[in-house]
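Chemist: dropping the sequence and predicted coords here.
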Amino acid sequence: MFVLLLVALLGSCIVPLSARYVGKGAGFIVALLPFGLAAAFVAYAPVVERGWVRGEGIAWAPSLGLDLTLRLDGFSFLFCLLITGIGGLVAVYAGGYLTDKPRAERSRFFTLILLFMTAMLGTVLADNMLLLIVFWEATSILSFLLIGFDSRSARSRRAAIMALQVTAGGGLALVAAAAMIAQVTGNWSLAAVAGNAPQIVASPYGVPIILCVMIAAFTKSAQFPFHFWLPNAMQAPTPASAFLHSATMVKLGIYLLARFEPVIAATWWGRTTLITVACVTMAVASVQALRAESFKSALAYSTMASLGILVLLVGLDGPAATVAMIGFLLAHAIYKAALFFCAGSVLHATGTGTLRSLGGLARKLPMTAIACTGASLSMAGIPPFLGFISKEFLFEAQLESSWELIPLAIAVLVNAVMVGVAGVVTLRPFFLKPVKPVKVEHPESVSLFMPPLLLALAGLTISLDPDWITRVAIRPAVAAVYGRAVPVDVSVWHGWTPMLGLSLIVVAIGAAIVRWWRSIHAFLRDAYLIEEIGLERLWETTVRGLLRVSAAVTGWVEHGDLRRYVVTTAVALVALVLWSLAVAGAAIRWPVVDALRPAEALVALIGVGGAVAAVRARNLLTTMVAVGITGFAVAITFMVNGAPDLAITQFTVEALLVVLLTALLLAVPLDAARSRRPRQRAGDAAIATAFAAVMFVAMVDMTGAGHPTPAADWFGRMSYVAGKGLNVVNVILVDFRGFDTLGETTVIAVAALLGASLLGARKTEPQPRRAVHYSFAAASGPLFWLLIVASVLILWRGHDQPGGGFVGGLVAALAFAVFALARGVRSAETRLRARPTTLVAIGLLLAVLSGLPGMIAGGPFLSQLWWEPPAGVPLPKLGTTIAFDLGVFLVVLGAVLTFLFGLRREGAR
Amino acid sequence: MTILYAFCAAAIMGAALYMILSRNLVRILLGLALLSTGVNVMLFVAGDFGSRQPPLIRAGEKALGEAADPLAQALILTAIVIGFALTVVLATIVVTGWRSSGSLDARDLDAAEQPDDPEIREPHAD
């Protein structure tokens, strides 16, 4: 079965492509897939016939309870036959129906229909409930796409969204039900639910589980009060309506209820609820079916009524109810799909779907008329059609069950209305005289009349020769739903029974409805039916209200003011730290007070002074210089505290920042007028002070905690032994934490790409050369080479001495910065010869490649390898870290140059 | 000395936050640069602050002796470079924004959050 599902899935993606190349016969080609699958499923008939179950399973994510388990029993088998059989006919029909559409559209339609078929098969075959939910939601989404197939029509889009909201909402209820069941029983299997019914009902989750299952089923099967999406869904192209909204998808709710029947039956209220909802739905649908103006919506409401009958039959007790449910499911799928096809043909031929303005089409669409008559007779329950047998079953089930007469009375009335609708939709368009002549634009074609004709024929042959279908499908399905084998006697003549009497009453009332349809219809149209309109409106108002609330909340949270975002973050941070301090109640730990070294203290205080000056300065140039002072003070602080690597990096970065930011400041006005009101400034100052205070307290506490640093100790001990390097900082960067460094290098590379795309796109006109003092211009050449040589040295010796790729790249960039300042950006670019982004790409590639030799040698990615010369040979030790560090060097150099060239050019414009 | 450094780091970060709260984009940018400097000092203080020897293994020895915390330094080194890249990217965005909108005020940078803007609205609305 996995293979079949996989074939269906792949086929859905591939086969419809043929519709792009084949015009007329595309439907027949596409139909090969469903028909082939149908044949493959029929091969399982011998298994199912014996009442056996076929299961297949693959563990997928066992820790989540998610396994790919499939299960084919009689009930699933019946569904599979319906899905693939009718699916094939739908494909054939669609080939004839969509002749007006461009080929790409047709191909898209076929893809969606076949994908839908796959999802349906998955839903009825899935045993793991999570898997079932995946397929279940897939059917909702594909239904959405098919209803909204004509995406340019606002009505289609509205109908599609409504169907999605209702059915996907029901799907969420199903997720909740499955989760609760798994919580109670520890089992995600659908088949195990029946056995665990007492446990599920007895648990505190019992009531919510059943309610959620019912909501899922009622939304999918369009039961009151979730029924309003189905009539709107008739916006879908007719083949889709025939397939989804009558024959298959809407029956998934019935499928679910039937699977959960043991659980529902174990409560005192379960059956009552089902029967009540079913009766209300039937009543509403009957009235609406008589009110409906168009062919399709009359069928849609009668489908809703039929679904109500099916829910009713699930709710009734006794084996006869199950037999009737299965029988009606089959009969309804066959005749209703045929009727939808006929409705589609009429719509396609005349361009109008209103029943009142149609008439006399039997002469122009003779085959369709025959098919429609056959299907209608089955729907009306006229012997010897299948519909008659299923109606007999229905009445038998009701008479046998222990229920009151009200459901029976409603069922009789509903069936009478169905007779009426069947009569009207056949007589009116095809046989009665039209009010004014109807023009036929498209004559019927083989692919348009063959599918309904075949289905109408099937309705007749099954009832006349029911042996095979009873044996392989009906009886096993009944046994699967009811829990044990039940004798099923499918035959037209049962003798003089009460059921026959009821059938006669039904037909008599139905005939009266047909006779007086015009006046009934007119009367009902005049009556303002508040409930139907009310529910649909209520739903739309609710959805619109939700959107409005969400827009309001978004507008409030996401106000678009950067300053308020930062204020919120900072205040929240301070409040969180204070709150955790208050909750923990721990006293702040103080570090051992060490001696104050005046020179270093002065440097640090100069850094603070820079920061304060930056805050106070109103001129942006001054601010930049002040920030730079802080940077240099911090660099010196690093240097005197045993961090030469950091010091060189910080110095270089500060120097580069000056070059880059002056380019920015050349472009923008330097005078920063006050952008905040005095009160805002005071508030900000308070927030900033509180932030600083909290940070100070946190830092004091951190330093007072003592220093249990096993990681740092480990790196210190292993650096030379394992990493062959004396500079521990560099060994950590390129070796121990190489993967982190690769990530950071990638960040810089991405920043370079961003800079290149923001800055590099524009063509720049040649710039006038700015006057530079000749001594600077003359010195820039030697200075450039000096810095380049220094950068290579820094890179090379980085493993053992302060230095490395990051610093080396920055120093090399500094060389180009000096050159560009002295002789212009263009000469610096010429000197580079390559584009900066090329350097970035080469560097990143080099860094990644340097990790491969270690992998080939058997270690993880980026394990660095070393080769040490034998003693006495005057060669340096070589390692893959050099390639890695060179990669970092090139990425940093390329990235800085991207910004340097781009910003300087942008600033000079 | 430790407490003094902690104070300096906190003061630098506080000043940086005050600048970030401004509405002038260049001041915000410089404030972020200042903030990353302050945070680097904080990381440095949070590391092992006991020794002022650089974490270099002496020639002939196999393991690191008494020295400053190498782990914190490795962390800060990349942080400096990333902070620099961030500042530069922001500078690029500020300068392109200035070229296209002629404003350095953060309040004018809300085009993406104006759903009524016809250019952002869904194209097929009818």
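Modeler: Perfect, I can see it now. Bear in mind that the values here come from a model prediction, so they are computed numbers and not experimental data.

Chemist: can you tell me the SS state at the most centrally placed residue in chain B?
Modeler: Residue closest to the mean C-alpha point of chain B, counted by C-alpha atoms, centre = their mean, is residue B:36 at 3.2 Å. Counting by DSSP: H, G, I helix; E, B strand; the rest coil, the backbone at residue B:36 sits in helix.

Chemist: just list the residues touching it, thanks.
Modeler: For residue B:36, the contact set (C-beta atoms under 8 Å, 6 or more residues apart in numbering or on different chains) comprises B:79-80, B:83, B:86-87. The way it works is simple: take the backbone N, C-alpha and C, and place the C-beta from them, glycine included.

Chemist: same question for residue A:44.
Modeler: By C-beta under 8 Å, 6+ apart, residue A:44 lies in contact with A:54, A:72, A:77.

Chemist: for chain B, what's its nearest residue on the stretch 1-150 of chain A.
Modeler: Nearest residue of the stretch 1-150 of chain A to chain B: residue A:148, at 12.1 Å (C-beta to the nearest C-beta).

Chemist: backbone torsions only: list them for the residue lying closest to residue A:71 once chain neighbours are set aside.
Modeler: Leaving out its chain neighbours, the residue that sits closest to residue A:71 by C-beta to C-beta, 6 or more residues apart in numbering or on different chains is residue A:127, at 3.8 Å. When read as degrees, to the nearest 10, the backbone of residue A:127 gives phi -110, psi -40.

Chemist: tell me the pLDDT at residue A:127?
Modeler: pLDDT for residue A:127: 91.

Chemist: wait, it sits on residue A:70?
Modeler: Yes. Using C-beta atoms under 8 Å, residue A:127 is in contact with residue A:70, at 6.1 Å.

Chemist: isn't residue A:82 up against residue A:247?
Modeler: Yes. Between residue A:82 and residue A:247 a contact is recorded at 6.5 Å, counting by C-beta under 8 Å.

Chemist: more neighbours: the two, which one.
Modeler: More crowded of residue A:82 and residue A:247, by other C-beta atoms under 10 Å in any protein chain shown: residue A:247, with 29 against 22.

Chemist: filter the contacts of residue A:44 by proximity to chain B?
Modeler: Counting by C-beta under 8 Å from any C-beta of the partner chain, nothing from the contacts of residue A:44 sits close to chain B.

Chemist: picking that back up, overlap in contacts, residue A:82 and residue A:247.
Modeler: Common neighbours of residue A:82 and residue A:247, counting by C-beta under 8 Å, 6+ apart, are residue A:333.

Chemist: which residues are common contacts for residue A:127 and residue A:70?
Modeler: A:55, A:57.

Chemist: surely residue B:52 is within a strand?
Modeler: No. Under three-state DSSP, residue B:52 sits outside any strand and is assigned coil.

Chemist: I figured it hits residue A:644, correct?
Modeler: No. Residue B:52 lies out of contact with residue A:644 (C-beta under 8 Å); the separation is 11.1 Å.

Chemist: show me which of the two is the more surrounded one.
Modeler: More crowded of residue B:52 and residue A:644, by other C-beta under 10 Å: residue A:644, with 22 against 14.

Chemist: flag the shaky bits of the chain, pLDDT-wise.
Modeler: Picking chain A for this. Along chain A, the parts satisfying pLDDT under 70 run over A:402-404, A:528-533, A:706-709, A:761-770.

Chemist: other chain: chain B
Modeler: Across chain B, the ranges flagged by pLDDT under 70 are B:48, B:110-126.

Chemist: what about the helices in it?
Modeler: Using DSSP state H, the helices found in chain B span residues B:2-20, B:25-46, B:70-101.

Chemist: which neighbouring elements make contact with the first one?
Modeler: Which is helix B:2-20. Under the contact criterion of 3 or more C-beta pairs under 8 Å, 6 or more residues apart in numbering or on different chains; DSSP states H and E, helix B:2-20 touches helix A:562-584, helix A:598-616, helix A:620-640, helix A:678-704, helix B:25-46.

Chemist: can you give me how far the following helix or strand past the third one is from the chain middle?
Modeler: From helix A:620-640 onward toward the C-terminus, using DSSP states H and E, the following helix or strand is helix A:644-667. Once both centres are worked out by C-alpha atoms, centre = their mean, to the nearest Å, helix A:644-667 turns out to sit 45 Å from its chain's centre.

Chemist: buried sites along helix A:644-667?
Modeler: In terms of neighbour count (16 or more other C-beta atoms under 10 Å in any protein chain shown), helix A:644-667 has its buried residues at A:644-665, A:667.

Chemist: go on, stretch A:559-570?
Modeler: For stretch A:559-570, the neighbour count (16+ other C-beta under 10 Å) marks A:561-563, A:566-567, A:570 as buried.

Chemist: in CSV, list those along with distance to residue A:776.
Modeler: Formatted as CSV, those follow (distance: C-beta to C-beta, whole Å):
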residue, distance to residue A:776
A:561, 45
A:562, 39
A:563, 41
A:566, 41
A:567, 45
A:570, 43
